[in-house]
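Undergrad: Give the three-dimensional model of this entry:
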Amino acid sequence: MSISRVCVFCASSSQCDPFYLNQASILGKQLIQSGYSIVYGGGSTGLMGALADAAMAEQGTVLGVIPGFMVDVEWGHEGITELRRVDDMHERLKHMKQESDAFIVLPGGCGTLDELFQVLTWKRLSLHTGPVIIVNARGFFDPTIAQLQRCVNERFMNDQHAHMWDVVSDAKDVVDALKNTTPWDSDAIRFARPGG
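TA: As a prediction, this is how the structure comes out:
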């Protein structure tokens, strides 16, 4: 499939180790340099801000999607290409999905984990077929990946579902992963059905 616009899920916290902020900066720069545009949650702080700032420094195209209540408390990034205000968190994720060909997940908190599981659920049900790349920097997602594999091992998911995501250990490896990911079957829902 052709990939032009990539969605990045990541944290808004600035309290994390600067290592993670640097990962977001690397990703923003490399995505733009490789010809992709970026969709993200519209924030100006933490990994979100680092991602957007690095992308804009490369003259990139960045769409931020943010619920109105976050704009009201000045979380929105005013220096990006487009900051799209939506009604709520559900609308935000819907817009991000509709605008994106692939999904990248950087370390983050419960919101980032929620987004990861949402996008994997969509993929399982053939609601999207694009790559999902987990950036497992410093082994951050080790427990999450282990839990997903246990879902497969315990037969809550089909063996093929273990191929819904790819894992890299550093943001600098994301572009190669996007280019080399295994295509996902657009009819994958057939083996997601109960008893499948």
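Undergrad: From here on, just use CA atoms for contacts and neighbour counts.
TA: Noted.
Undergrad: what sits up against the helix or strand of the chain with the lowest mean pLDDT?
TA: The weakest-scoring helix or strand in the chain, judged by mean pLDDT, DSSP states H and E, is helix 68-72 (a mean of 80). By Cα atoms under 8 Å, 6 or more residues apart in numbering, the residues outside helix 68-72 that reach it are 76, 85-88.
Undergrad: Would you map the helices across this structure?
TA: 18-33, 46-57, 68-72, 89-98, 110-124, 142-153, 174-180 (DSSP state H).
Undergrad: Output these in JSON lines; the columns should cover mean neighbour count and distance to Asp187.
TA: Formatted as JSON lines, the helices of the chain follow (neighbours: other Cα atoms under 10 Å; distance: least, Cα to Cα, whole Å):
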{"stretch": "helix 18-33", "mean neighbour count": "21", "distance to Asp187": "29"}
{"stretch": "helix 46-57", "mean neighbour count": "24", "distance to Asp187": "33"}
{"stretch": "helix 68-72", "mean neighbour count": "15", "distance to Asp187": "36"}
{"stretch": "helix 89-98", "mean neighbour count": "16", "distance to Asp187": "18"}
{"stretch": "helix 110-124", "mean neighbour count": "17", "distance to Asp187": "10"}
{"stretch": "helix 142-153", "mean neighbour count": "14", "distance to Asp187": "19"}
{"stretch": "helix 174-180", "mean neighbour count": "15", "distance to Asp187": "21"}
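Undergrad: So which of the contacts of helix 68-72 are in strands?
TA: 85-86 (DSSP state E).
Undergrad: Filter the contacts of helix 68-72 down to the buried ones.
TA: Among the contacts of helix 68-72, those classed as buried by 16 or more other Cα atoms under 10 Å are 76, 85-86.
Undergrad: out of these, which one sits closest to Trp165?
TA: Nearest to Trp165, judged by Cα to Cα, of the buried ones among the contacts of helix 68-72 is Val86 at 28.0 Å.
Undergrad: What sits closest to Val175 if chain neighbours are left out?
TA: Leaving out its chain neighbours, the residue that sits closest to Val175 by Cα to Cα, 6 or more residues apart in numbering is Leu31, at 6.8 Å.
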